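Participant: next come a sequence and a model predicted from it.
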Amino acid sequence: MTSPVRLGLIGCGRIAQVAHLPAAEKAEGVDLVAVCDPDATVAAAVARRHDVGTVHTDPAALLADPRVEAVLVAAPDRFHLDLAGAALAAGKHVLVEKPLATTVKECEQLVARVRETGLKLQVGAMKRHDPGLEYACRFVGERLGEVRSFHAWYRIGDLRPGVEATLFPKVFADDERRRAESAVKADRERYLLATHGAHVFDTVRHLLGDVRAVTAAHRGFGRDHTWSALLTLASGAVGTATIAVDVAGDGAEGIEVFGAGGQVAVRTHFPFFRRASDVRAYSAADGAATVPVFADTDAYERQLEAFARAVRHDLPVTPDVTDGLAAVRLIAAVERSAATGAEVVL
């Protein structure tokens, strides 16, 4: 048996409370030893709920704690560079929420720091740890043959707030900080593309490899926004990716890939349903479709367990810091192409 990785959490906001903290309670190989949030009341309430003995309001104090060997950065995106960079400088391994950082330049700085320190940095695109997507990735690599075309989509439905209210626990929050975050997110177009594009583009790259060029269009409808992008892969295959927020009714997420030897369709559920993606994989060689069945899963728990194994046994992390950089480059490319109408070559 190996000892659990002693983890510190920086940022006790909404995503930490509804996703990371419940996952940390269950994840094998993880011992949450400290939490940190600038709001002392929120940090103390979270620590009581999850029976964490050490509470900080200053990240520097958490990073100076010799018991903490790895940190989970769940603070807002604009703090990722400074917090993840400080953790690496303090000799801590890092799991940082997606996107890796807010700009390509910031991501490149984190890539350089990881290379300098030799420490682990895993990006929280937790859907890589969904068993359905893991199955689809293996099928693409082993059975699909040459990739010919694909379509990926991420649509947020206007029913989502009600679903979240049903599924989420009470969230501790400071009204002043909530207002500050709302002001940051007032640039809704940029915020939505970054937060949802980080998932879509990581999934495309995870299954199909690097993207060589992007041609994108954007349409705004008041608070709602839609992007559609034509993606040319390094392999030469072409496909599309669509992001839409909000759509009437339920949202939807998935990807379909068509190859010389088959096709695979993935439908991904709202992550807080704790369900693996539905997959249908057709192999022309077999003349049959496979529909694998998985137990209900928590992708947030699985990503923490994968991170802990990588730290304890010196294994590669996935997605790593270069994957995080690639996703932000694609977000920037879509934004630039939609603004100019021109193809952006990566």
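Facilitator: Noted; the coordinates are in hand.
Participant: tell me where the stretch 201-346 of the chain has strands.
Facilitator: Taking DSSP state E, counting those that start in this stretch as the test, the strands found in the stretch 201-346 of the chain are 211-221, 224-233, 238-247, 252-259, 262-268, 278-283, 288-290, 344-345.
Participant: quick one: closest of the ones you listed to residue 150.
Facilitator: Nearest to residue 150 among those is strand 238-247; the distance by CB to CB comes to 3.5 Å. (Glycine included, C-beta is placed from N, CA and C.)
Participant: and the helices in this protein?
Facilitator: Secondary structure of the chain (DSSP state H): helices at 14-15, 21-26, 40-50, 59-63, 80-89, 104-117, 131-142, 160-167, 175-184, 188-208, 299-313, 321-340.
Participant: save these as CSV, and put in distance to residue 123 too.
Facilitator: Formatted as CSV, these follow (distance: least, CB to CB, whole Å):
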stretch, distance to residue 123
helix 14-15, 14
helix 21-26, 16
helix 40-50, 23
helix 59-63, 19
helix 80-89, 10
helix 104-117, 10
helix 131-142, 15
helix 160-167, 23
helix 175-184, 21
helix 188-208, 8
helix 299-313, 10
helix 321-340, 4
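Participant: weakest of those helices by average pLDDT?
Facilitator: For the helices of the chain, mean pLDDT drops lowest on helix 175-184, to a mean of 72.
Participant: what's next to that helix, contact-wise?
Facilitator: For helix 175-184, contacts defined as CB atoms under 8 Å, 6 or more residues apart in numbering pick out 13, 38-39, 76, 78, 191.
Participant: at 7 Å instead, please
Facilitator: With contacts defined as CB atoms under 7 Å, 6 or more residues apart in numbering, helix 175-184 is touched by 39, 76.
Participant: about what we covered before: so which of the strands of the stretch 201-346 of the chain gets nearest residue 54?
Facilitator: strand 262-268 (35.7 Å).
Participant: tell me which residues in that closest one are buried?
Facilitator: 262-266, 268 (16 or more other CB atoms under 10 Å).
Participant: which one of those residues sits closest to residue 65?
Facilitator: Comparing the buried residues of strand 262-268 against residue 65 with CB to CB places residue 268 closest, at 36.6 Å.
Participant: quick one, what contacts the one residue sitting closest to the centre of the chain?
Facilitator: Nearest residue to the geometric centre of the chain (CA atoms, centre = their mean): residue 125, 2.2 Å. Counting by CB under 7 Å, 6+ apart, residue 125 touches 98, 198-199, 202, 319.
Participant: let's go with 8 Å and repeat that
Facilitator: 98, 198-199, 202-203, 319, 323-324, 327.
Participant: dump the strands of the stretch 201-346 of the chain into TSV; add mean pLDDT and distance to residue 55 as well.
Facilitator: Shown next, in TSV, are those (pLDDT from 0 to 100; distance: least, CB to CB, whole Å):
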stretch	mean pLDDT	distance to residue 55
strand 211-221	98	42
strand 224-233	98	38
strand 238-247	97	35
strand 252-259	98	36
strand 262-268	98	35
strand 278-283	98	41
strand 288-290	98	48
strand 344-345	98	45
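Participant: export stretch 313-326 to PDB, keeping only CA atoms.
Facilitator: The C-alpha coordinates for stretch 313-326 follow below in PDB (Å, rounded to 0.1, in the frame of the first residue of the first chain):
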ATOM      1  CA  HIS A 313       4.000   6.700  -8.900                       C
ATOM      2  CA  ASP A 314       5.600   9.400 -11.100                       C
ATOM      3  CA  LEU A 315       3.300   8.700 -14.000                       C
ATOM      4  CA  PRO A 316       2.200  11.200 -16.800                       C
ATOM      5  CA  VAL A 317      -0.900  13.300 -16.100                       C
ATOM      6  CA  THR A 318      -3.700  13.800 -18.500                       C
ATOM      7  CA  PRO A 319      -4.500  16.300 -19.700                       C
ATOM      8  CA  ASP A 320      -1.100  17.900 -19.100                       C
ATOM      9  CA  VAL A 321       0.000  21.500 -19.200                       C
ATOM     10  CA  THR A 322       0.700  21.300 -23.000                       C
ATOM     11  CA  ASP A 323      -2.900  20.000 -23.500                       C
ATOM     12  CA  GLY A 324      -4.100  23.000 -21.500                       C
ATOM     13  CA  LEU A 325      -2.100  25.300 -23.700                       C
ATOM     14  CA  ALA A 326      -3.500  23.700 -26.900                       C
END
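Participant: got the buried residues for that stretch?
Facilitator: Within stretch 313-326, the residues that qualify as buried are 317-326, counting by 16+ other CB under 10 Å.
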